[in-house]
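A.B. asks: build me a model:
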Amino acid sequence: FVGKAGKNLDEFLELAGIDRSELYVTNAVKFRPTKLSAAGRTVNRPPTQEEIKLFQPWLRREIEMVRPECVATLGNVPLRALAGRRVAIGDVHGSFLDCDGVRVYPMYHPASVIYNPALRQPYREDVKRLAAWLRGEAIPAETAAPGWAAVLADGFPLGFGKQSGGVVKNHYPKGLRNLK
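C.D. replies: Take a look at the predicted model:
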């Protein structure tokens, strides 16, 4: 993450008490999807569903190798790569989901705040909730999105990993060990 989106990510990580250098950063799609703009310039575009599916085995294997306790997705692309096409970030952000055995915490992409300033407050709240979870504070089960199972063990976090467009980190809150 660079530019304004990177600056937003750094600000939110600081709010959560997470140092960016502690994170494992990866992408759901392993290349930069582009298109030609009307002006003839190369610009970013969202990856197609086929491109997301193409890289799913690599993403799943990467998660298996890193073994995060939780993956926080930044935006729709990594969320759909893990949860499937049936879900949208606006419906599940700030919730803990179980996606085929992977604990997922969906968040808006840091660039979304640039294009839609109304998302700044929900993003901050999601980051604060994640930070509380990282500190080992109990998070109410109702933070699970409707139709998804809460993935907290008696309200206590087992660890953290962040993934995206984003990040994967193994982090165990003070006093906790890997309980696997």
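
A.B. asks: roughly how far is the longest strand anywhere in the chain from the heart of the chain?
C.D. replies: Once the chain is assigned using DSSP state E, the strand that runs over the most residues is strand 102-107. Its chain's C-alpha centre and that of strand 102-107 lie 6 Å apart, by CA atoms, centre = their mean, to the nearest Å.

A.B. asks: which strands and helices sit next to it?
C.D. replies: Contacts defined by 3 or more CB pairs under 8 Å, 6 or more residues apart in numbering; DSSP states H and E place strand 102-107 against strand 71-74, helix 76-83, helix 89-92, strand 97-99, helix 120-134. Heads up, the C-betas are built off the backbone N, CA and C, glycines and all.

A.B. asks: could you check the angle helix 120-134 makes with that strand?
C.D. replies: 150 degrees (axes from the mean of the first three to the mean of the last three CA atoms, to 10 degrees).

A.B. asks: ok, and what's touching strand 102-107?
C.D. replies: With contact meaning CB atoms under 8 Å, 6 or more residues apart in numbering, strand 102-107 is reached by 63, 69-75, 79, 82-83, 87, 89, 92-98, 123, 126-127, 130, 133, 151, 162.

A.B. asks: and for stretch 81-91?
C.D. replies: Residues from elsewhere that reach stretch 81-91 (CB under 8 Å, 6+ apart): 28-29, 49, 52, 55-56, 59, 71, 73, 75-76, 79-80, 92, 97, 99-100, 102, 104, 106-109, 145, 163.
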